[in-house]
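# 3D model of this:
(chains A and B)
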Protein chains: 2
Amino acid sequence: MAFEKVKRSENYSEWYNNLVKNADLAEHSAVKGCMVIKPYGYAIWEKMQRQLDDMFKETGHVNAYFPLFVPKSLFEKEEKNAEGFAKECAVVTHYRLKANPDKPGHLMADPDSKLEEELIVRPTSEAIIWNTYKNWIQSYRDLPILINQWANVVRWEMRTRLFLRTAEFLWQEGHTAHATKEEALVEARKMLEVYAEFAETFMAVPVIKGVKTENERFAGADDTYCIEGMMQDGKALQMGTSHFLGQNFAKAFDVKFQSKEGKLEYVWATSWGVSTRLMGALIMTHSDDEGLVLPPKLAPIHVVIVPVYRSDEDLETIKLAMQPLSAELKAAGLTVKFDDRDTYKPGYKFAEWELKGVPVRLAVGMRDLESGSVEVARRDTKEKFAVPMGDLRARILTLMDEIQQNLFDRAAKYREEKTQEVNNWDEFLEVINVKEGFAIAHWDGTGETEEKIKELTKATIRCIPLERGEEAGVCVYSGKPSAGRVVFAKAY
Amino acid sequence: MAFEKVKRSENYSEWYNNLVKNADLAEHSAVKGCMVIKPYGYAIWEKMQRQLDDMFKETGHVNAYFPLFVPKSLFEKEEKNAEGFAKECAVVTHYRLKANPDKPGHLMADPDSKLEEELIVRPTSEAIIWNTYKNWIQSYRDLPILINQWANVVRWEMRTRLFLRTAEFLWQEGHTAHATKEEALVEARKMLEVYAEFAETFMAVPVIKGVKTENERFAGADDTYCIEGMMQDGKALQMGTSHFLGQNFAKAFDVKFQSKEGKLEYVWATSWGVSTRLMGALIMTHSDDEGLVLPPKLAPIHVVIVPVYRSDEDLETIKLAMQPLSAELKAAGLTVKFDDRDTYKPGYKFAEWELKGVPVRLAVGMRDLESGSVEVARRDTKEKFAVPMGDLRARILTLMDEIQQNLFDRAAKYREEKTQEVNNWDEFLEVINVKEGFAIAHWDGTGETEEKIKELTKATIRCIPLERGEEAGVCVYSGKPSAGRVVFAKAY
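A predicted model of the protein is given here:
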């Protein structure tokens, strides 16, 4: 392949950037911090979207669409939320351009079109949505509202990385309204489970489910639940969050309902989201020095067939011979590509499809047809083996499950190796700085200690795991009493 | 129903606004000109999206995503395009908010965050996309590029109407790049055919395919193809456009490729789009004074079953008795709703599902179960008839096809009645002002005459039909020679 290869062991960050570019997933655009998601990358995102959307609908949610802009006066109503996002907001101030009298051929914002009130490009939609819900909710009969939105949002980031942190990104944001605190809490936890199931079953990425500390909470939430994955450099990546918003937005936007008992009460809320950041998690969890490795459940192409031929006649023979298999696999729900480009040699094609992470590759020549056996290569382990023509369909279908499972197992094993319970500051530093992984440690529960540890090591508390055992102990840093262990790691 | 009904014959425009609101399709938001698409409206849009997306993919297109913002310097590169959209552009000038020192608790755009270069919120994406294609295209081997994008766009409209004309709207925009003029022309025409097929086969809206006059062309196009539908007030609605962009954007962005013959040539382009405006067309073509009427192919719910019961026991019996039918219809691809809400009476439910345009309604009581026959009501004709339980599945499936076809036929018949060939100015005025329909008339081919007619009658040339016969004549207004007839109408 005519592209520069970077090894993970040499420079993980450069390896990532290089892979995203070479596998045709995304690239930087002319707009600072905004990316172009290229067709191959977008095809993976579409698979994620479709699956998540089905899961949201199965759990009773419906989609809707709310405006891109938030008037400043609404944006600032929930103070903590406004404060949390104010520093990264794109602001629309004018609604018209006109010819620039000083620069022929150029345009300028027309001063006469200055808006009376600035519009914020949504960094998240709680404000505009709760201002809408206000008119939809009068009685307990109007609840719950279970709505999701697929949208673009903008958070002005100074240091961006493709998929992981971009000024504009694509996401879904669920916004629900409930009559009781209990129901809202159940919803927030339910969606966390949906995200965890999606991450583990479809992305093949094992995740830790937990709750954020106060410092790391979503601005405006009473509690933020999260799923955290471990990348191949031992760093954590927050893959999804589900917020219990209490009555904060209901109070800010004055959203009350009449309860069954006839009392006027504030509505309870949740919001939850995952974004194109998941693409980053997918890439960094499974891929290797040859390129992308995709779990079959999210691969746009499952099987590529590369013909090895000398003459056009041979190519036709091979194509014809493989058609029944392609049809069978297609009927079983797989996408099969027969790569008959005559502008590239088989070796180039092999490398290209490896780079693009196609789970299974077949190489078929005239001799294979004669011998009745075809070479199958699996992307995850790079194993190659011959399979009799008659067994191909069944073997490939099994392989899809095997590869999906192997990717998950491999990632889980890696995470296990890189995760360690630590009981004192030296052990903590060893795991964070030398071993470079997750340190499961006691913490005294204060924001001060959390900040201090971050300052000293760059490690943050990724979450307080939901499934942690009861265990009294002392904080690894302060030596003060601790009620249980939390997960520390450096993070994206 | 507890909503105010407006008759089409009394006030068509108010009827429309009322229907959009009462059928829970969309509403105005706190952002001037921007709408909230409510879950029921969005469910219809999702059906449209899914179908169009399948059709785009079948014709070889792939999806991708490009930035929301366009730097001003790129926006202004293609002069005609920039000029055409400059007056309706939302402009981002700052990227941060800060506490307003003069107004405690309020925010303001931070003057220190003023952007060096303003960003335009995309009104359409040719500029940002062609600036990207520049880097993707070197040789004829890189062509064609066949990309579509699903996105939101913003055009600052002063007078807005839900779905028909909003400041922000959702759409898809195809942007293709080709080696030859012929290929680009074939593409532009092919996508027009896709749009026409979608409109007629799925929306059940008959359309006229044509080409726009120079006055009505997309800013930056060499030719704009369009499909035009007729609404129930006789006005035309432009439902989709496909543009042959020539080499205009390639020249503005300097996009050249090396041809097979080794020559450097400018690339040829098309772009094509349909938007949430189609929702307006769907509503206005089929609906009646009772509410929405939906073609089965785009209905989120195909069949609603309303139980008529006195006791909870009866309700359970009816529910149980109807379960096999629901399962069978679901297996056949239909969505069935069993409306067991105990907060409303059957009469209310009938009216509500009529309002929401569900194609088929069943009313089932205990006596129906005993007699073995159920009342079926079809939404389009409001006919009711009894169907033996054993025939229900088959009858309902046939009904779906019948209703789909009937809606198309009814709309086609209406359009035919309201369309007339006219041969002089009096006849023209009669059709446009009294009959209120489409006037098929000779026109001298000049922009001046077109403008004059618009000024006098508000009628515009909707298109020069692709399938018009050769016929020499004289212009209805100027009396000058004309090469053929064009379609005049008042339009949305």
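# what about stretch A:191-202, average pLDDT?
When the per-residue pLDDT values of stretch A:191-202 are averaged, the result is 98.
# Please state the offset of it from the chain centre?
Using C-alpha atoms, centre = their mean, to the nearest Å, we find the averaged C-alpha position of stretch A:191-202 to lie 11 Å away from the chain's own average C-alpha position.
# what's it in contact with?
A:48, A:51-52, A:55-56, A:59, A:174, A:205-207, A:209, A:225-227, A:229, A:239-240, A:242, A:270, A:272, A:274, A:278, A:281, A:295, A:297-298, A:408 (C-beta atoms under 8 Å, 6 or more residues apart in numbering or on different chains). Quick note: C-beta positions are derived from backbone N, CA and C, even for glycine.
# Quick check on the nearest residue in space to A:Ala269 that is not next to it in sequence: phi, psi?
Distances taken as C-beta to C-beta, 6 or more residues apart in numbering or on different chains put A:Leu245 closest to A:Ala269, at 3.9 Å, once the chain neighbours are dropped. With angles defined as degrees, to the nearest 10, A:Leu245 sits at phi -90, psi 0.
# Indicate the residue of the stretch 201-350 of chain A located nearest to chain B.
Shortest the stretch 201-350 of chain A-to-chain B distance, computed as C-beta to the nearest C-beta: residue-wise this is A:Thr343, at 6.6 Å.
# Is that residue in contact with B:Asp142, as I believe?
No - counting by C-beta atoms under 8 Å, B:Asp142 is not a contact partner of A:Thr343; they are 11.5 Å apart.
# More neighbours: which of these two?
The neighbour comparison of A:Thr343 against B:Asp142 (other C-beta atoms under 10 Å in any protein chain shown) goes to B:Asp142, with 15 against 6.
# distance of that one from B:Gln258?
Relative to B:Gln258, B:Asp142 is positioned 10 Å away (C-beta to C-beta, to the nearest Å).
# Could you do A:Ala269 as well?
Computed with C-beta to C-beta, the distance linking A:Ala269 and B:Gln258 is 57 Å.
# Those two: who's more crowded?
A side-by-side neighbour count of A:Ala269 and B:Gln258, using other C-beta under 10 Å, places A:Ala269 first with 30 against 15.
# residues in contact with whichever strand or helix holds the more buried one?
A:Ala269 is located in strand A:268-275, with elements delineated by DSSP states H and E. Taking contacts as C-beta under 8 Å, 6+ apart, the residues outside strand A:268-275 that touch it are A:52, A:124, A:126, A:130, A:169-181, A:183-184, A:187-188, A:191-192, A:195, A:198, A:218, A:221, A:239-250.
# Using CSV, write out every CA atom in it.
Output of strand A:268-275 as CSV, limited to C-alpha atoms (Å, rounded to 0.1, in the frame of the first residue of the first chain):
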residue,chain,number,x,y,z
TRP,A,268,-38.2,14.9,36.9
ALA,A,269,-35.8,14.5,34.1
THR,A,270,-33.1,12.5,32.4
SER,A,271,-30.9,13.0,29.4
TRP,A,272,-28.4,10.5,27.8
GLY,A,273,-26.2,10.5,24.8
VAL,A,274,-23.6,8.8,22.7
SER,A,275,-21.7,10.4,19.8
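# biggest helix in chain A, by residue count?
Ranked by number of residues, the top helix in chain A under DSSP state H is helix A:392-417.
# now for that one, which elements pack on it?
Where contact means 3 or more C-beta pairs under 8 Å, 6 or more residues apart in numbering or on different chains; DSSP states H and E, helix A:392-417 is packed against strand A:223-230, helix A:277-286, helix A:312-331, strand A:360-365, strand A:373-378.
# Including mean pLDDT and mean neighbour count, could these go into CSV?
Listed next are the helices and strands packed on helix A:392-417 as CSV, based on pLDDT from 0 to 100; neighbours: other C-beta atoms under 10 Å in any protein chain shown:
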stretch, mean pLDDT, mean neighbour count
strand A:223-230, 98, 25
helix A:277-286, 98, 25
helix A:312-331, 97, 15
strand A:360-365, 98, 21
strand A:373-378, 97, 19
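# Include distance to B:Glu290 when you put the ones you listed into TSV, please.
Conversion of the helices and strands packed on helix A:392-417 to TSV gives the following (distance: least, C-beta to C-beta, whole Å):
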stretch	distance to B:Glu290
strand A:223-230	46
helix A:277-286	45
helix A:312-331	44
strand A:360-365	55
strand A:373-378	59
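# does A:Cys89 sit in a helix, a strand or a coil?
Look at A:Cys89: counting by DSSP: H, G, I helix; E, B strand; the rest coil, its state is coil.
# Please give me every residue in contact with it.
Contacts were defined as C-beta under 8 Å, 6+ apart; by that measure A:Cys89 touches A:75, A:120-121, A:123, A:154-156, B:95-97.
# Mind checking which of those land in strands?
Within the contacts of A:Cys89, residues falling in strands by DSSP state E are A:120-121, A:154, B:97.
# what comes up buried for stretch A:11-22?
Applying a neighbour-count criterion of 16 or more other C-beta atoms under 10 Å in any protein chain shown, one finds A:12, A:15-16, A:18-22 buried in stretch A:11-22.
# Kindly report the same for stretch A:335-354.
Those would be A:336-339, A:349-354, for stretch A:335-354 by 16+ other C-beta under 10 Å.
# Give me the mean pLDDT for that stretch.
pLDDT averaged over stretch A:335-354 gives 96.
# Convert it to PDB, retaining C-alpha atoms only.
The C-alpha atoms that make up stretch A:335-354 are tabulated as PDB, following Å, rounded to 0.1, in the frame of the first residue of the first chain:
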ATOM      1  CA  THR A 335     -22.400  -7.900   2.700                       C
ATOM      2  CA  VAL A 336     -20.000  -9.400   0.300                       C
ATOM      3  CA  LYS A 337     -17.700  -7.600  -2.000                       C
ATOM      4  CA  PHE A 338     -16.100  -9.200  -5.100                       C
ATOM      5  CA  ASP A 339     -13.100  -7.000  -5.900                       C
ATOM      6  CA  ASP A 340     -12.700  -7.200  -9.600                       C
ATOM      7  CA  ARG A 341     -10.800  -3.900 -10.000                       C
ATOM      8  CA  ASP A 342      -8.200  -4.500 -12.800                       C
ATOM      9  CA  THR A 343      -6.100  -1.500 -11.700                       C
ATOM     10  CA  TYR A 344      -4.600  -3.300  -8.700                       C
ATOM     11  CA  LYS A 345      -2.800  -6.500  -8.000                       C
ATOM     12  CA  PRO A 346      -4.100  -9.100  -5.400                       C
ATOM     13  CA  GLY A 347      -1.300  -8.200  -2.900                       C
ATOM     14  CA  TYR A 348      -2.400  -4.500  -3.000                       C
ATOM     15  CA  LYS A 349      -6.000  -5.500  -2.500                       C
ATOM     16  CA  PHE A 350      -5.200  -7.800   0.400                       C
ATOM     17  CA  ALA A 351      -3.400  -5.000   2.200                       C
ATOM     18  CA  GLU A 352      -6.200  -2.500   1.400                       C
ATOM     19  CA  TRP A 353      -9.000  -4.700   2.800                       C
ATOM     20  CA  GLU A 354      -6.800  -5.400   5.800                       C
END
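# This completes my enquiry, with thanks.
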